[in-house]
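A.B. asks: Structure here, sequence nowhere to be found:
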């Protein structure tokens, strides 16, 4: 005798089938990764914070970020050649061993400088730039870059994706633009959460918004 399934059983079976289909579709599409759009920002040494804001000044935490970093409440003005400037550029803390300014290629054109595409921290021979705060100004002989796109992963994320620190992948954004990003570096650290970082130029060109999902499609 065939028993008639109740509504709850039907819903459970339907949910299981849909989950299986979605999982299969995800495996075919690649490894899903959320996107973070990184706006222009500044990293400063303790000495340079005091130059810009005054002796003994401490940055004010506004929002926690991954990797122990935070967005500070303080902003500065960055100045390129021929006194071309961009105001209200956010500082990220905590203080670093070397000051660094990260901008987009469009920002570089506006400032009249030639900022190279680099990984964060790789500032040797990069573009000079001036930074102005409420209490003073400083001139960096090098330190202005366009940050290379990358993906942050925890060790567990990397293991699940079959990747390791330093690998390069391609990433596809399935939207009306259908953008594929090549040469995306994998960065793995226990303090990281899964997120791909691109700058505002890349996001605008690809029709991508903060929090959109893309797919790692080639390793």
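C.D. replies: Thanks, I have the structure now. No experiment lies behind these values; they were computed from the predicted model shown.
A.B. asks: Name all residues that make contact with the spatially most central residue of the chain.
C.D. replies: Of all residues in the chain, the one closest to the mean position by CA atoms, centre = their mean is residue 197, 2.8 Å from it. By CB atoms under 8 Å, 6 or more residues apart in numbering, the contact set of residue 197 is 35-38, 147, 149-152. Heads up, the C-betas are built off the backbone N, CA and C, glycines and all.
A.B. asks: cool, residue 129 as well?
C.D. replies: With CB under 8 Å, 6+ apart, residue 129 has these contacts: 78-80, 101, 111, 113, 139-140, 143-144.
A.B. asks: Ok, residue 77 next?
C.D. replies: Residues near residue 77 by CB under 8 Å, 6+ apart: 85-89, 131-133.
A.B. asks: can you tell me the helix or strand for it?
C.D. replies: Here residue 77 sits within strand 70-79, counting by DSSP states H and E.
A.B. asks: Using neighbour counts, pick out the buried residues of that strand.
C.D. replies: If you call a residue buried by 16 or more other CB atoms under 10 Å, then strand 70-79 has these buried ones: 70-72, 74, 76-79.
A.B. asks: which of those residues lies closest to residue 170?
C.D. replies: Nearest to residue 170 among these is residue 71, at 29.5 Å by CB to CB.
A.B. asks: shouldn't the closest one be in contact with residue 92?
C.D. replies: Yes. The criterion here is CB atoms under 8 Å, and residue 71 meets it with residue 92 at 6.0 Å.
A.B. asks: per-residue pLDDT, residue 174?
C.D. replies: At residue 174, the model reports a pLDDT of 89.
A.B. asks: next one: the one 4 residues further on
C.D. replies: Residue 178 is assigned a predicted lDDT (pLDDT) of 89.
A.B. asks: In three-state terms, label it for me.
C.D. replies: coil (DSSP: H, G, I helix; E, B strand; the rest coil).
A.B. asks: Contacts only, for the closest residue to residue 79 other than its chain neighbours.
C.D. replies: Spatial nearest neighbour of residue 79, chain neighbours left out: residue 130 (4.1 Å); criterion: CB to CB, 6 or more residues apart in numbering. If you count contacts by CB under 8 Å, 6+ apart, residue 130 has them with 78-80, 137-140.
A.B. asks: what's the distance between the residue nearest to the centre of the chain and residue 137?
C.D. replies: Separation of residue 197 from residue 137 (CB to CB, to the nearest Å): 29 Å.
A.B. asks: Residue 158 too?
C.D. replies: In terms of CB to CB, residue 158 sits 42 Å off from residue 137.
A.B. asks: So which of the two has more stuff around it?
C.D. replies: residue 158 (20 against 13; other CB atoms under 10 Å).
A.B. asks: lowest confidence element among the helices and strands of this protein?
C.D. replies: helix 7-29 (a mean of 56; mean pLDDT, DSSP states H and E).
A.B. asks: so after that helix, what's the next helix or strand?
C.D. replies: Moving toward the C-terminus from helix 7-29, the next helix or strand (DSSP H and E) is strand 31-38.
A.B. asks: Strand partners (parallel or antiparallel) of that next one?
C.D. replies: strand 195-199 (parallel), strand 213-218 (antiparallel) (DSSP bridges).
A.B. asks: give me every residue that touches the residue lying closest to residue 165 once chain neighbours are set aside.
C.D. replies: Of all residues not flanking residue 165 in the chain, residue 188 sits nearest, at 3.9 Å (CB to CB, 6+ apart). Contact analysis of residue 188 by CB under 8 Å, 6+ apart lists 153-155, 157-158, 163-165.
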